[in-house]
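Engineer: what's the 3D shape of this:
(one chain, ligands or ions: 1)
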Amino acid sequence: MIGLEGATVSFGSRVIFRDVTFEVPVGRTMAVLGPNGRGKTTLLRALLGFQPLAAGKRTAPKIAGYVPQHGASQAKLSGLDVVVMGHAARIGLFGQPGKGDIEAAREALDIVGATGLAEHRYDRMSGGQRRMILIARALATGSPALVFDEPTSALDLGNQSKTLDLLNMLRDRRDRAILFTTHDPNHALAAADDVLLMMPGGREINGTVEEMIVPEALNTLYGVDMRWVEMHGSGGAARRAVVPAFAGREYS
Ligand SMILES: Nc1ncnc2c1ncn2[C@@H]1O[C@H](COP(=O)(O)OP(=O)(O)OP(=O)(O)O)[C@@H](O)[C@H]1O
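Structural biologist: Numbering: from 1, shown residues only. Coordinates of the predicted model:
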């Protein structure tokens, strides 16, 4: 389980969030949405213990799989080297990775469909390729908690779809607590069970996807009119998406 209880974080006199409580049990996935600068990354960092809490407490395993928004460029390391670092906390600072660590890393690369990147230099990869390596690194920790900071940002539509499929595949295993941030409510519809909304003005609310991803709440969240659209997905099944009223183009 991962979560916060009565958690407050401030930078100097500026409170980023106050008295936030939520939990993600093993087997569920939560999406966190909120406007730019509202504190989503800070919340993830607080959850993982990188950011001290001014009040409250956090629950997280000692080692969590964390996928940051931007991975540092890790000069001259191969994709495989970076994924093996997912085991670094287990290996220890001066330890050498053994056969088992390399096997675990290769398996994680296989799960994310990035086996072909194993021998490529990480610092020469595109943003999307690095993201896949970082996801594999998080899986290689073997942790029951996975935390993703905007896993679909800066990805083209095809890679957004692949990343959402991957999140769903991990969710369907129901053996981890998964948390991800996103700016797209449809990504919460696609890959989450629960949602935490960090509302403007410092209020947080959480509930199931069905309760939280509704036009009224999103109107308030972003200050933009939102509406449902009905459509047929690639499999022919009826689907609902939520889009801003500015989407599309007038036609007659
Ligand atoms: N170490 C820090 N010291 C001071 N202020 C900080 C620090 N880290 C973050 N902030 C501020 O806290 C606020 C929340 O930042 P954060 O990155 O958590 O927002 P976010 O919701 O993830 O934003 P975005 O959607 O734009 O990525 C911002 O105003 C940011 O400038």
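
Engineer: Could you pull up the residues touching Val15?
Structural biologist: With contact taken as CB atoms under 8 Å, 6 or more residues apart in numbering, Val15 is in contact with 8-9, 54, 202. Yep, even glycine has a C-beta here, placed from its N, CA and C like the rest.

Engineer: of all those residues, which two lie farthest apart?
Structural biologist: Of all pairs drawn from these, the one with the largest separation by CB to CB is Ala54 and Gly202; the distance is 14.0 Å.

Engineer: out of the contacts of Val15, which one sits closest to Arg18?
Structural biologist: Thr8 (4.6 Å).

Engineer: ok, that closest one to Leu196 distance?
Structural biologist: Taking CB to CB, to the nearest Å as the criterion, Thr8 is separated from Leu196 by 15 Å.

Engineer: before we move on, what about Gly12?
Structural biologist: For Gly12 relative to Leu196 (CB to CB), the value is 25 Å.

Engineer: Which one (most neighbours) among the contacts of Val15?
Structural biologist: Ranked by neighbour count (other CB atoms under 10 Å), these have Val9 at the top, with 22 neighbours.

Engineer: Correct me if wrong: it contacts Lys40.
Structural biologist: No - counting by CB atoms under 8 Å, Val9 sits too far from Lys40 to count as a contact (11.7 Å).

Engineer: Report how many residues lie close to Phe11.
Structural biologist: For Phe11, the neighbour count with other CB under 10 Å is 11.

Engineer: same deal with Ala154?
Structural biologist: The burial metric for Ala154, expressed as a neighbour count using other CB under 10 Å, is 13.

Engineer: go on, the one 10 residues further on?
Structural biologist: Close neighbours of Leu164, defined as other CB under 10 Å, add up to 21.

Engineer: Show me what counts as buried in the helix or strand hosting it.
Structural biologist: Here Leu164 is covered by helix 157-173, with elements defined by DSSP states H and E. By neighbour count, with 16 or more other CB atoms under 10 Å as the criterion, the buried positions of helix 157-173 are 159-160, 162-164, 166-167, 170-171.

Engineer: Contacts for it, please.
Structural biologist: Helix 157-173 is touched from outside by 28-29, 111-113, 128, 131, 135, 139, 146, 148, 151-152, 155, 176, 178, 180, 187, 190-193, with contacts defined as CB under 8 Å, 6+ apart.
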